[in-house]
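**Q** Any chance you could fold what I've pasted below:
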Amino acid sequence: MKKLLLASVMLIMTSGASWACTLKPNTNCYHASLSGEKMDQKDLHGILLGNADLTRADISKSNLTRANLNEAKLTGANLTGTDLTNATMFFANLSGANLTSANFSNAGLKGVNFSETNLTDTNFTGAKIEEATFIKAIFCRTLMPNGMTNSANCPVEKIAAAAQDGLTINGCVIAPRSVCLNASLAEANLGTANLVGAQLYMANLAQANLFKANLGRANLTEANLARANLTRANLSQTNLTDANLNKAILRGAQMQRTNLNGAVLLNADLTDADLSGANISETALTGAVYCNTVMPDGKVNNSGCVVEKKVDAVVDAVVEDKTAIPVKK
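**A** Residues are numbered from 1 along each chain as shown. Below is the predicted model of the structure:
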């Protein structure tokens, strides 16, 4: 009988922890069922939430320092501004969670599923990340364990008008000599922007509008400019070493003495572009369109011009076919 009672108590403590759990610091809430619970702005430091179901729970701005969340289910949870310093979260599932401004400093994050999470302004300083999954996660001003900032895929701020000096997009100031390493400017509207001498190393400018932008002497080493519109842009003396210009539109671009060493310009449109003195050693140019293009040696390349076929005028004269068989009336 005693063994039966003891087993019953243990069953209640584990499977029924949801009603027995008191949300306060250092409490044992192992295997708690807290799906959809509102737990925001609470002091829960040191709490044990291993194997807990926190699916879609609101834990924003709460204190979870030194908390144990091993194998916890946090799918779709709101952890905006939550402090998880020194927390342990081995093999926790955070897929789809909002982790904006969350602090994971020195946290143990082995095997955590971060798929499709929002990591904007998230702090991973000193965190131990091993075997974690980040499929489709949003990295934007994310502070990584090594101290580097990751802004690989910040959501693009839609700018209706052309960019003006001093405008800030995803933390990057659009101005001459601006320092925007690893900037996230994909699809940004930077038409006529003045970025002379800007440091845009590894910037993501894929499909950005840079029509008539001034990028003279800028550093765009390893930048992603795939499908970008650089029509009539100033790229003279710009460093585009190892940059991705796949299918970029460079019609009328000024590229005198531009460094394109190792750059990829597959299927790029170089119509009317001026490449005088440019360095195109080891540059991938397969499929590039040349028409009235001034090459590095000063010669004009028209190999890709589309020749308009002239159609002869049709003479409105009736030609009698003497071989025609008369129609019997």
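**Q** quick one: pLDDT of Lys95?
**A** In this structure residue 95 is Ser, not Lys. pLDDT recorded at Ser95 is 95.
**Q** which residues of the protein score low on pLDDT?
**A** Confidence mapping of the chain against pLDDT under 70 gives the ranges 1-20, 155-166, 307-329.
**Q** and with 90 instead?
**A** 1-22, 136, 139-141, 146-173, 180-183, 186-189, 191, 306-329 (pLDDT under 90).
**Q** how about the helices in it?
**A** For the chain, the helices defined by DSSP state H occupy 2-15, 17-20.
**Q** Look up how far Ala193 lies from Leu167.
**A** Look at Leu167 and Ala193: by CB to CB, to the nearest Å, they are 8 Å apart. No exception for glycine: its C-beta is placed from N, CA and C like everyone else's.
**Q** Those two: which is more packed in?
**A** Neighbours of Leu167 and Ala193, each counted by other CB atoms under 10 Å, are more numerous for Ala193; the result is 28 against 17.
**Q** Hmm, Cys291 and Asp272 touching each other?
**A** Yes. Here Asp272 lies in contact with Cys291, judged by CB atoms under 8 Å, at a distance of 7.1 Å.
**Q** hmm, back to that, tell me, what's touching Leu167 and Ala193 both at once?
**A** Taking CB atoms under 8 Å, 6 or more residues apart in numbering as the contact rule, the neighbours common to Leu167 and Ala193 are Ile174.
**Q** now do the same end-to-end measure for stretch 137-154.
**A** 10 Å (CA to CA, to the nearest Å).
**Q** Just the buried positions in that stretch, please.
**A** 137-145, 150-152, 154 (16 or more other CB atoms under 10 Å).
**Q** Stretch 115-127: how far from the chain's middle?
**A** Going by CA atoms, centre = their mean, to the nearest Å, the spacing between the C-alpha centre of stretch 115-127 and its chain's C-alpha centre is 14 Å.
**Q** Sorry, wrong one. I was asking about stretch 219-227.
**A** In terms of CA atoms, centre = their mean, the centre of stretch 219-227 is set 14 Å apart from its chain centre.
**Q** Give me the contacts around that stretch.
**A** In this structure, residues lying in contact with stretch 219-227 by CB under 8 Å, 6+ apart are 186, 198-208, 210, 238-249.
**Q** same check, this time on stretch 135-148
**A** Under the contact criterion CB under 8 Å, 6+ apart, stretch 135-148 has outside partners 114-129, 149-155, 170-171, 184.
**Q** tell me, what residue is most central in this protein?
**A** In the chain, the C-alpha nearest the mean C-alpha coordinate belongs to Asn153, at 1.6 Å (CA atoms, centre = their mean).
**Q** Pull out the buried members of the contacts of stretch 135-148.
**A** When neighbours are counted using 16+ other CB under 10 Å, the contacts of stretch 135-148 contain these buried positions: 114-124, 127, 129, 150-152, 154, 170, 184.
**Q** Okay, and which of these map to strands?
**A** When the buried ones among the contacts of stretch 135-148 are checked against strands (DSSP state E), the matches are 118-120, 150.
**Q** of those residues, closest to Met295?
**A** The shortest separation between Met295 and any of these is 38.6 Å, and it belongs to Asn150 (by CB to CB).
**Q** For Ala183, see how far away that closest one is.
**A** For Asn150 relative to Ala183 (CB to CB), the value is 12 Å.
**Q** what's the answer for Leu99, then?
**A** On the measure of CB to CB, Leu99 and Ala183 end up 22 Å apart.
**Q** Same check on Gly147?
**A** Counting by CB to CB - Gly147 and Ala183 are separated by 18 Å.
**Q** swap in Thr65?
**A** Using CB to CB, one gets 33 Å for the distance from Thr65 to Ala183.
**Q** Same question for Leu109.
**A** Counting by CB to CB, the separation of Leu109 from Ala183 is 27 Å.
**Q** pretty sure Ala102 contacts Asn78?
**A** No. Here Ala102 does not reach Asn78: they are 10.0 Å apart, not a contact under CB under 8 Å.
**Q** higher neighbour count, those two?
**A** Neighbours were counted for Ala102 and for Asn78 using other CB under 10 Å; Ala102 has more, 28 against 22.
**Q** can you pull the contacts of that one?
**A** Shown in contact with Ala102 (CB under 8 Å, 6+ apart): 79-84, 122-123.
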